[in-house]
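*Asks:* what would the 3D arrangement of this be:
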Amino acid sequence: MNFEILAPAGSWGALIAGVRCGADAVYFSAKSLNARQNAGNFNETEFENAIFYCRSHNVKAYIALNTLCKDSEFDEAYSIVKTALSCGADAFIVQDLGLAKMIRQCFPGAVLHASTQMSVMSPAGAAQLQQLGFSRLVLAREMSKNEIKEIAQQTTLELEAFVHGALCMSVSGQCYLSSIIGRRSGNRGLCAQPCRLPFSAGGGRECALSLKDLSLVNYVQELGRAGVYSLKIEGRMKRAEYVAAAVTAVRRAINGEYDAQFEKTLKDVFSRSGFTAGYFTAQRGSEMFGTRQKEDVVAGTAVLKELSHLYEKETPRVPLDMQCCIKAGEHCVLKAATPFKSVSVRGAVAEKAINKELTESDVGSRISKLGGTQFYAERLDIQLDGGVMLSAAKINELRRMAVEKLNEAEKFPVECRGFEINSRQSIKENEKYYTARFSSAAQIPKKHPFRRVFIPLNSADSDFEKHNAGVELPRAFFGREASVQKRLKELRKAGVTMALCGNLGSCALAQKLGFEVFGDFGLNIMNSASAAAVNQPVLSFELALSELNAISTPHCGAIAYGFLPLMLMRNCPVSADIGCNACNRHAVLTDRTGARFPVKCSPFGYCELLNSVPLYMADRQDEINTEFLHFYFSNESAAQVGRIISLYERGASADFEFTRGLYYRKTR
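*Replies:* Alright, predicted model coming up:
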């Protein structure tokens, strides 16, 4: 099978290790606007040189711009893209809808890869990405083999899957735990990994949100049969030896040479109590959980020196077509061509032989002596006059000049256009209104002030009719797209016209069936360009109030009340610890401070971790300058909902514990 091995690089050492160990592509980033801000990454000069290095080794360079972008950062993003393209970058890994729009409009030649942070895990989502101009989808890590196949059978997008590395508890792009409790956003590349800290469901597991590292190295052939082309290794925060071990392991697996001995080496270099393949094999549960133990650290120290030998020398991976012309009385000439670059160099003048004349064999052996470089001589064409001589040193110098010229950096012209974000339009206070979502129709009071109300997909038809409600689509599908589509058709036939969608796949499905689609918080709308791409979106609650109010696109909303969803999880931490029967759908996780975080189950194969206290803005709602305020009701009773409504209508202060979220605490 034809695979691409995609290696991470958060440093020069890691970049060299990945390339020399046989990666076909490397992903890395500039110093800013990427999902691993705490990695070393590359300053402006290093960034350009890293792309040049990849090009000279016939390795593709994918630039990670996989973070949410604020309006103030678009100029910087524009500059990064332009610089990368001028150096020959092959593609951009993007999460932000607005950033993708900017790249597509301003740089027609740029190739877009949809980051796993976009949370796309359905055929409809893949189809939507194609419409948005993407050529590749980085699959959600929580998908099973059959779910990957389902997408592959219905798309022409290239599919990329994580094959090894750290595994987040939450679906990527849908985790807000670090930002809400620590002001360090995973969607902004600064996750503090609070999930690795103690959280307990009461069953004895101390770190209920910590999963083992993912490893699908033993499953690469199955990944290929499922439709995956690119095998991605996580680890831009990891050292070079880790990258070397992972790339070598994947290469061996592709060649059928991966064995138990090297699997142990891979575990020794870094693991959390071993590895898991639970999502891919659909064997989710307690066996997927693990933490970094003392023995893991000790094992890692022991193999580092051994692994460093894997990349201490250049690997000859780039074929050269070489033509050497040596004529009497003329400067010798060497032309060398790789699959992507050609050079010509001129050397010394060939002289008449006095004793021994130069032979084609002499020239060929010296010209093809490319050890210590990434090149090897694939074809030699030697044009040699008889009776001439040229010293070995002169021929060697000719070869060295050609290699140096092949490795020289080169810049490319970039077709680019301008990009502007419109200025903010003011909102009249009397135009502001309320909307709400409810986890159950039973929560909805007889009288309420909400212009739009949304209830879950599996609610009864009569509930939709009684409350004139729109449908809230599931935040994740995971192989359930057909059943979701069937239910949507029923609701559309029953007269439901509105759909609240927090995923590109759900947006595409609902729009296709004729619903008026409203964007939910899960789309992570953090800038004006993204807001303009979605109908009346609920903006990201990771924005500070000043940033939220500066969004220039009209008809946007902000969450003003609710227990904010901090994680979207496919492997329930409560079920894994105490079992579903003991949970009885009233589960909580308790952190090391004693704070209790509700865990809410969904009938669509996932669960959500809610914040321990609700966001409350009744007494400061006038400071939110959006067209509507959105209420996120989850565990509240109808009576509690009524009380919250009353507090907001009066603009009253709360008499219970609450949070202002991040509205007055700008995240990094």
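
*Asks:* after the lowest-mean-pLDDT helix or strand in the chain comes which helix or strand?
*Replies:* Taking mean pLDDT, DSSP states H and E as the measure, the helix or strand of the chain with the lowest value is helix 580-583, at a mean of 76. For helix 580-583, the succeeding helix or strand toward the C-terminus, using DSSP states H and E, is strand 587-591.

*Asks:* in that following strand, what's buried?
*Replies:* Buried positions in strand 587-591, judged by neighbour count with 16 or more other Cβ atoms under 10 Å: Ala587, Val588, Leu589, Thr590, Asp591. Backbone N, C-alpha and C define where each C-beta goes, glycine included.

*Asks:* chain center to that strand, what's the gap?
*Replies:* Its chain's average C-alpha position is 28 Å from that of strand 587-591, according to Cα atoms, centre = their mean, to the nearest Å.

*Asks:* where does pLDDT dip in this structure?
*Replies:* For the chain, applying pLDDT under 70 flags the ranges 422-430, 668.

*Asks:* three-state assignment of Tyr434?
*Replies:* Secondary structure for Tyr434, judged by DSSP: H, G, I helix; E, B strand; the rest coil, is strand.

*Asks:* what number of residues lie near it?
*Replies:* 21 (other Cβ atoms under 10 Å).

*Asks:* swap in Asn218?
*Replies:* 14.

*Asks:* same question, Gln221
*Replies:* For Gln221, the count of nearby residues is 13 (other Cβ under 10 Å).

*Asks:* pretty sure it belongs to a helix, no?
*Replies:* Yes. Secondary structure of Gln221 (three-state DSSP): part of a helix.

*Asks:* can you give me the buried ones in the helix or strand in which Asp321 is found?
*Replies:* Asp321 belongs to strand 318-326 when assigned by DSSP H and E. Burial within strand 318-326, assessed by neighbour count using 16+ other Cβ under 10 Å, is assigned to Val318, Leu320, Met322, Gln323, Cys324, Cys325, Ile326.

*Asks:* same question, stretch 646-660
*Replies:* Leu647, Tyr648, Phe658, Thr659.

*Asks:* just confirm the second one is within a helix.
*Replies:* The one in question is Tyr648. Yes. Assigned with three-state DSSP, Tyr648 falls within a helix.

*Asks:* could you measure the residue lying closest to it once chain neighbours are set aside against Tyr433, distance?
*Replies:* The shortest distance from Tyr648 to any residue other than its chain neighbours is 4.4 Å, reached at Ala618 (Cβ to Cβ, 6 or more residues apart in numbering). To Tyr433, Ala618 is 15 Å away according to Cβ to Cβ, to the nearest Å.

*Asks:* ok, now Asn635?
*Replies:* From Asn635 across to Tyr433, the span is 25 Å (Cβ to Cβ).

*Asks:* can you verify Leu214 is assigned to a strand?
*Replies:* Yes. Secondary structure assignment places Leu214 in a strand (three-state DSSP).

*Asks:* strands of the stretch 151-300 of the chain, start to end?
*Replies:* All strands of the stretch 151-300 of the chain, identified by DSSP state E, counting those that start in this stretch, fall at 158-165, 199-200, 213-215, 230-233, 275-276.

*Asks:* out of those strands, which one sits most buried?
*Replies:* Among the strands of the stretch 151-300 of the chain, ranked by average contacts under mean count of other Cβ atoms under 10 Å, first place goes to strand 230-233 (a mean of 26).

*Asks:* any idea how far that strand is from the chain center?
*Replies:* In terms of Cα atoms, centre = their mean, the centre of strand 230-233 is set 12 Å apart from its chain centre.

*Asks:* ok, that strand: who's next to it in the sheet?
*Replies:* Each strand that pairs with strand 230-233, with its direction, by DSSP bridges: strand 4-8 (parallel), strand 158-165 (parallel).

*Asks:* list the buried residues in the least confident helix or strand of the chain.
*Replies:* Residues of helix 580-583 classed as buried by neighbour count (16+ other Cβ under 10 Å): Cys583.

*Asks:* going forward, begin numbering at 875 instead of 1
*Replies:* Will do, 875 is the new start, and the previous item becomes helix 1454-1457.

*Asks:* outside of it, which residues touch it?
*Replies:* Ala1075, Gly1077, Cys1446, Val1448, Ser1449, Val1473 (Cβ atoms under 8 Å, 6 or more residues apart in numbering).

*Asks:* report how many residues lie close to Gln1028.
*Replies:* Under the neighbour criterion other Cβ under 10 Å, Gln1028 is assigned a count of 15.

*Asks:* I meant to write Gly884 there.
*Replies:* As a burial measure, Gly884 scores 25 neighbours (other Cβ under 10 Å).

*Asks:* which residue packs closest to it, ignoring adjacent ones?
*Replies:* Ranked by Cβ to Cβ, 6+ apart and with sequence neighbours excluded, the top spatial neighbour of Gly884 is Ala913, at 3.2 Å.

*Asks:* and the end-to-end length of stretch 1363-1373?
*Replies:* With Cα to Cα, to the nearest Å as the measure, the first residue of stretch 1363-1373 is 12 Å from its last.

*Asks:* buried stuff in it?
*Replies:* Counting neighbours by 16+ other Cβ under 10 Å, the buried set in stretch 1363-1373 is Leu1365, Arg1366, Val1370, Met1372, Ala1373.

*Asks:* distance from the chain centre to it, please.
*Replies:* On the basis of Cα atoms, centre = their mean, the separation between the geometric centre of stretch 1363-1373 and that of its chain is 33 Å.

*Asks:* and what of stretch 1373-1390?
*Replies:* Stretch 1373-1390 has its average C-alpha position 22 Å from the chain's average C-alpha position, going by Cα atoms, centre = their mean.

*Asks:* picking that back up, ok, the buried residues of strand 1192-1200 vs Ala1114, which is closest?
*Replies:* Within the buried residues of strand 1192-1200, the smallest distance to Ala1114 is 21.2 Å, found for Val1192 (Cβ to Cβ).

*Asks:* quick check: bridge partners of the closest one?
*Replies:* Judged by DSSP bridges, the bridge partners of Val1192 are Phe1249.

*Asks:* pretty sure it contacts Leu1244?
*Replies:* No. When contacts are counted by Cβ atoms under 8 Å, Val1192 is not listed as touching Leu1244 (9.4 Å).

*Asks:* circling back: which one of the buried residues of stretch 1520-1534 is nearest Ile1256?
*Replies:* Thr1533 (76.0 Å).

*Asks:* now that closest one: how far from Leu1489?
*Replies:* Taking Cβ to Cβ as the measure, Thr1533 and Leu1489 are separated by 6 Å.

*Asks:* how about Leu1184?
*Replies:* Computed as Cβ to Cβ, the Leu1184 to Leu1489 distance reads 50 Å.

*Asks:* which one of these two has more residues nearby?
*Replies:* When Leu1184 is set against Leu1489 and neighbours are counted by other Cβ under 10 Å, the residue ahead is Leu1489, at 22 against 19.

*Asks:* which stretches of the stretch 975-1124 of the chain form helices?
*Replies:* Counting by DSSP state H, counting those that start in this stretch, one finds helices in the stretch 975-1124 of the chain at the ranges 997-1005, 1019-1026, 1051-1056, 1094-1100, 1114-1128.

*Asks:* and the shortest one, what does it pack onto?
*Replies:* This points to helix 1051-1056. Helices and strands touching helix 1051-1056, as assessed by 3 or more Cβ pairs under 8 Å, 6 or more residues apart in numbering; DSSP states H and E, comprise strand 1439-1443.

*Asks:* who's in contact with the helix or strand that the strand it packs on is followed by?
*Replies:* Helices and strands here follow DSSP H and E; after strand 1439-1443, the next one along the chain is helix 1447-1452. Surrounding helix 1447-1452, the residues in contact under the criterion Cβ under 8 Å, 6+ apart are 1043, 1073-1079, 1082-1083, 1159-1160, 1162-1163, 1454, 1457, 1461, 1463, 1473, 1481.

*Asks:* rerun at 7 Å
*Replies:* Applying Cβ atoms under 7 Å, 6 or more residues apart in numbering, the contact partners of helix 1447-1452 are 1075-1077, 1079, 1082-1083, 1159-1160, 1163, 1457, 1461, 1463, 1473.
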